[in-house]
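*Asks:* dropping the sequence and predicted coords here.
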Amino acid sequence: MTNNIKQAIIIGGGPAGVSAALYLARAGQKVCIIENGPGALAKAHKIDNYYGIAASGAKLYAAGLEQARSLGVEILQDEVLGVEYTDRFTLSLKNTDEQLQTEALILATGSKNITLNLPGLIELEGKGISYCAVCDGFFFRKKNVAVLGNGAYALHEAAYLKQLAGSVTILTNGQSGDAAKAAGFEVNTSVLQAIEGNGKLSSIRFTDGSTLAVDGLFIALGTADSTDMARKLGAELNGRFIRIDGDGATNIPGLFAAGDCTGGLMQVAKAVHEGARAGLTALKFLRQHKTDENSNK
């Protein structure tokens, strides 16, 4: 597997991500945006509360990406499946075996809206229910676990757990599960009804009356969003949002966040502001990092 090193990588091609990219690119940095579609912005029929613009969300999204391209920003349409950090950030993508690496990573994918109203879910979070295989897989060595999800992200989590757990079952919650079966995983396509356990997860009950005894359940619905990735890297969270300081930086050196994933006002104006701020802070980080490297030579 080869590595492709970028000066700065931004995950998310919406207002926050593009704004960060514009400031970095104009300062001479080689920037890569990884985007997987417009998300919530595309659902906005018309945006008329943003200065100087009255357009649909889809048009605004396309215009932003085109502006970034005009400044030399590389745009990759792909899904980020995993991210790790050692001396730099390493990203695994869905559509290529090549890994991307960078010293500055900006998370700007928005906020995931996929939720499940399952009895027992909230009560057993942290008591057998996890949202991060890399973070918590170690605690389920040789035990029976399940992964809730049916996309590439869920398969990526399951593949990691397969190296540790005694058994891994993918729960599709009523979907076909063909991809998971093709990948060699045990699949349960029944619809979930409740998550059971007395202070600790013990089983999952389905609407057909059947149950599955498990020690751990890993939630991996849809695609990995900014909070999922921040959690894997050990960044501090504020509930389901990423905690940042006044400059858009997380507690992880070189990791920044902007837009809906940080909580607060979920509007284009706020996303643009935070993206610009994160881009400038990332630029300062990169320049300081380069200065430190030169002084150590």
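*Replies:* Looks like it arrived, so ask away.
*Asks:* pLDDT below threshold where in the chain?
*Replies:* Where the chain drops to pLDDT under 70, the residues are 1-2, 39-40, 42-43, 45, 113-115, 291-297.
*Asks:* name the nearest residue to the residue positioned nearest the centre of it, sequence neighbours excluded.
*Replies:* Centroid-nearest residue in the chain, with C-alpha atoms, centre = their mean: residue 225, separated by 2.7 Å. In space, and not counting its chain neighbours, residue 225 is closest to residue 112: 4.1 Å by C-beta to C-beta, 6 or more residues apart in numbering. All C-beta spots, glycine's among them, are computed from the backbone N, C-alpha and C.
*Asks:* the one you found - how many residues pack around it?
*Replies:* 19 (other C-beta atoms under 10 Å).
*Asks:* my read: it touches residue 227, true?
*Replies:* Yes - if you go by C-beta atoms under 8 Å, residue 112 and residue 227 touch, sitting 7.0 Å apart.
*Asks:* ok, back up a step: quick check: the residue nearest to the centre of the chain touching residue 131?
*Replies:* No - Residue 225 is not in contact with residue 131 according to C-beta under 8 Å; the separation is 10.4 Å.
*Asks:* mind giving me the packing neighbours of the helix or strand where residue 83 lies?
*Replies:* Element membership for residue 83 (DSSP states H and E) is strand 80-85. Counting contacts by 3 or more C-beta pairs under 8 Å, 6 or more residues apart in numbering; DSSP states H and E, strand 80-85 is packed against strand 89-93, helix 152-162, helix 226-233.
*Asks:* need the ones you listed in JSON lines with mean neighbour count, can you?
*Replies:* Putting these into JSON lines (neighbours: other C-beta atoms under 10 Å) gives the following:
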{"stretch": "strand 89-93", "mean neighbour count": "19"}
{"stretch": "helix 152-162", "mean neighbour count": "22"}
{"stretch": "helix 226-233", "mean neighbour count": "24"}
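*Asks:* okay, those in JSON lines with distance to residue 83 next?
*Replies:* JSON lines is the format used below for the helices and strands packed on strand 80-85 (distance: least, C-beta to C-beta, whole Å):
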{"stretch": "strand 89-93", "distance to residue 83": "5"}
{"stretch": "helix 152-162", "distance to residue 83": "11"}
{"stretch": "helix 226-233", "distance to residue 83": "5"}
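*Asks:* to residue 247, which of those lies closest?
*Replies:* Closest to residue 247 of those is helix 226-233 (C-beta to C-beta; 16.2 Å).
*Asks:* the inter-axis angle of the closest one versus helix 152-162?
*Replies:* Taking axes from the mean of the first three to the mean of the last three C-alpha atoms, to 10 degrees, one finds helix 226-233 and helix 152-162 inclined to each other by 20 degrees.
*Asks:* hmm, residue 170 is touching residue 153, no?
*Replies:* No - between residue 170 and residue 153 there is no contact under C-beta under 8 Å: 11.6 Å.
*Asks:* contact partners for residue 199?
*Replies:* By C-beta atoms under 8 Å, 6 or more residues apart in numbering, residue 199 lies in contact with residue 127.
*Asks:* if you could redo that for residue 91, that was the one I meant.
*Replies:* Applying C-beta under 8 Å, 6+ apart, the residues near residue 91 are 9, 11, 34, 80, 82, 83, 99, 100, 101, 102, 105.
*Asks:* partners of the fifth one in the sheet?
*Replies:* With DSSP bridges as the criterion, the beta-bridge partners of residue 82 are residue 92.
*Asks:* again with the last one
*Replies:* Per DSSP bridges, residues listed as beta-bridge partners of residue 105: residue 9, residue 255.
*Asks:* run the chain-centre distance for stretch 261-268.
*Replies:* Computed by C-alpha atoms, centre = their mean, to the nearest Å, the separation of stretch 261-268 from the middle of its chain amounts to 16 Å.
*Asks:* my bad, stretch 231-245
*Replies:* 11 Å.
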